[in-house]
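Enquirer: coordinates only, no sequence provided:
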């Protein structure tokens with residue numbers, strides 16, 4: 001997929017959080033206000049929110065930035081916005097935040113996909129010194145997936161804090177296309193989320 005990758009892929013904040021169904025409206029308001037705050041951050045690109053196809057309390061947020069510095073500034077801006085922090089404290093446990101340097105991004109930006117689009121997410125950790133090999137392996141797998149019906153794009157990133165951890169994202173037209181892409185035996189956990197905001 002490197003042939004179709006953008007030269008400067010940027011940085012993604014990949015955030016997983018648990019939100020109770022009764023707090024969806026608060027999450028929607030958080031998304032709206034967060035986007036307003038982030039628009040003032042140089043290098044901010046987009047924010048999208050995705051709901052697990054299997055667990056209605058499991059949410060994924062993808063925030064895209066030009067680079068690590070703008071991602072750090074964006075995270076700082078949102079954590080310093082008091083009302084935003086208070087609203088999220090009411091709706092979820094402390095989120096799992098991973099700053100990921102994108103090494104490959106193929107296809108439209110996530111914010112351009114319609115609601116209902118599905119993203120499959122995998123977090124894999126290579127043996128020390130083999131992070132690049134794992135990136136190449138994912139690149140090969142995603143190249144094969146690109147020929148399947150419903151494939152819309154993909155991204156590969158390396159955790160900025162743990163370089164051997166590689167994050168893989170594949171975007172699908174719908175859940176059925178994602179399910180059909182799975183091999184009968186898949187040794188690595190892959191989670192699927194449906195786009196609900198952004």
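Expert: Received it, and whenever you're ready, just let me know what you need. It should be emphasised that the depicted structure is a prediction, and the values quoted were computed from it without experimental measurement.

Enquirer: what lies in contact with the host helix or strand of residue 51?
Expert: According to DSSP states H and E, residue 51 maps onto strand 44-52. The contact list for strand 44-52 (C-beta atoms under 8 Å, 6 or more residues apart in numbering) reads 10, 27, 31, 34-35, 38, 58-66, 70, 74, 109-111, 113, 119, 191-198. In short, each C-beta sits where N, CA and C put it, glycine included.

Enquirer: got the angle for whichever helix or strand comes after that strand vs strand 44-52?
Expert: Stepping forward along the backbone from strand 44-52, the first helix or strand reached (DSSP H and E) is strand 58-65. Orientation of strand 58-65 against strand 44-52 (axes from the mean of the first three to the mean of the last three C-alpha atoms, to 10 degrees) gives an angle of 170 degrees.

Enquirer: pairing partners for strand 58-65, with directions?
Expert: strand 11-18 (antiparallel), strand 44-52 (antiparallel) (DSSP bridges).

Enquirer: how about those, which one is nearest residue 169?
Expert: strand 11-18 (8.1 Å; C-beta to C-beta).

Enquirer: now the helix or strand following that closest one: average pLDDT?
Expert: Next in sequence after strand 11-18, counting helices and strands by DSSP H and E, comes helix 24-38. If you average the pLDDT over helix 24-38, you get 87.

Enquirer: which elements pack onto helix 24-38?
Expert: strand 44-52, helix 68-80, helix 82-91, strand 191-197 (3 or more C-beta pairs under 8 Å, 6 or more residues apart in numbering; DSSP states H and E).

Enquirer: other residues contacting the longest one?
Expert: In other words, helix 68-80. By C-beta under 8 Å, 6+ apart, the list of residues contacting helix 68-80 reads 11-13, 34, 37-38, 40-44, 63, 65, 84-85, 97, 99, 101, 160.
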